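1. pasting the sequence and the predicted model now:
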Amino acid sequence: MTVPSPAPIPASTSSVVIPPEAQSRFPDLIALILGSESMNNEERQYWINILFVMTPEQRTNLKDILETEKHQLQEIDKKYAKEIGEIDSKQLIEKTREERSVRRLKRVEEESAAKQSEDAHAEDILKSIQSEK
């Protein structure tokens with residue numbers, strides 16, 4: 001029988017001591033304990049230390065609680081990622097609208113300057129024609 005490979009230990013839990021037997025008997029539960037965002041390292045160590053004295057029902061309940069926490073946090077992350085995406089979209093649309101407005105204003109100013117230049121040039125030509133008569 002193959003022994004499951006140990007779950008990677010997050011850097012923030014590197015001070016938690018995991019007995020090899022606990023890692024081999026409860027790899028899924030160890031991973032959930034280490035990945036829990038609601039526990040500090042002392043709490044993680046406590047739960048790892050008492051795994052062997054817990055009843056199977058207690059371990060199942062702990063696993064259910066930690067999986068529920070993980071699932072709820074993932075749902076919250078998805079919700080906020082969607083909202084952030086919508087905010088980013090709105091900001092991008094507004095920024096694009098502002099950039100277009102600035103470019104449009106610049107183009108109108110350039111066209112106005114070009115028209116004034118053309119009008120002045122046309123007036124100069126007209127004056128030179130009239131002075132030749």
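-> Received it, and whenever you're ready, just let me know what you need.
2. can you spell out which helices and strands pack onto the worst-scoring helix or strand of the chain on mean pLDDT?
-> In the chain, no helix or strand scores lower on mean pLDDT, DSSP states H and E than helix 56-132, which sits at a mean of 85. Here helix 56-132 touches helix 27-35, going by 3 or more CB pairs under 8 Å, 6 or more residues apart in numbering; DSSP states H and E. Backbone N, C-alpha and C define where each C-beta goes, glycine included.
3. how far does whatever helix or strand comes next after the helix it packs on sit from the chain's center?
-> Per DSSP states H and E, the first helix or strand lying C-terminal to helix 27-35 is helix 41-50. Put simply, helix 41-50 sits 30 Å off its chain's centre (CA atoms, centre = their mean, to the nearest Å).
4. what's the angle between helix 41-50 and helix 27-35?
-> 160 degrees (axes from the mean of the first three to the mean of the last three CA atoms, to 10 degrees).
5. any idea of the angle the least confident helix or strand of the chain forms with helix 27-35?
-> Using the same axes, to 10 degrees: helix 56-132 against helix 27-35 is 50 degrees.
6. so what's the gap between helix 56-132 and the chain middle?
-> Worked out by CA atoms, centre = their mean, helix 56-132 lies 19 Å from the chain centre.
7. repeat for stretch 40-57
-> 32 Å.
8. go ahead and flag the most central residue of the chain.
-> Taking CA atoms, centre = their mean, the centroid of the chain lies closest to A81, which sits 5.9 Å from it.
9. what residues are up against it?
-> Residues counted as contacts of A81 (CB atoms under 8 Å, 6 or more residues apart in numbering): none.
10. relative to Q23, how far out is it?
-> Using CB to CB, to the nearest Å, we find A81 at a distance of 32 Å from Q23.
11. element containing A22, please.
-> In this assignment (DSSP H and E), A22 forms part of helix 20-25.
12. which parts of that helix are buried?
-> For helix 20-25, burial by neighbour count (16 or more other CB atoms under 10 Å) applies to 22-23.
13. quick one: mean pLDDT for that helix?
-> Mean per-residue pLDDT for helix 20-25: 95.
14. I appreciate the help and will end here.
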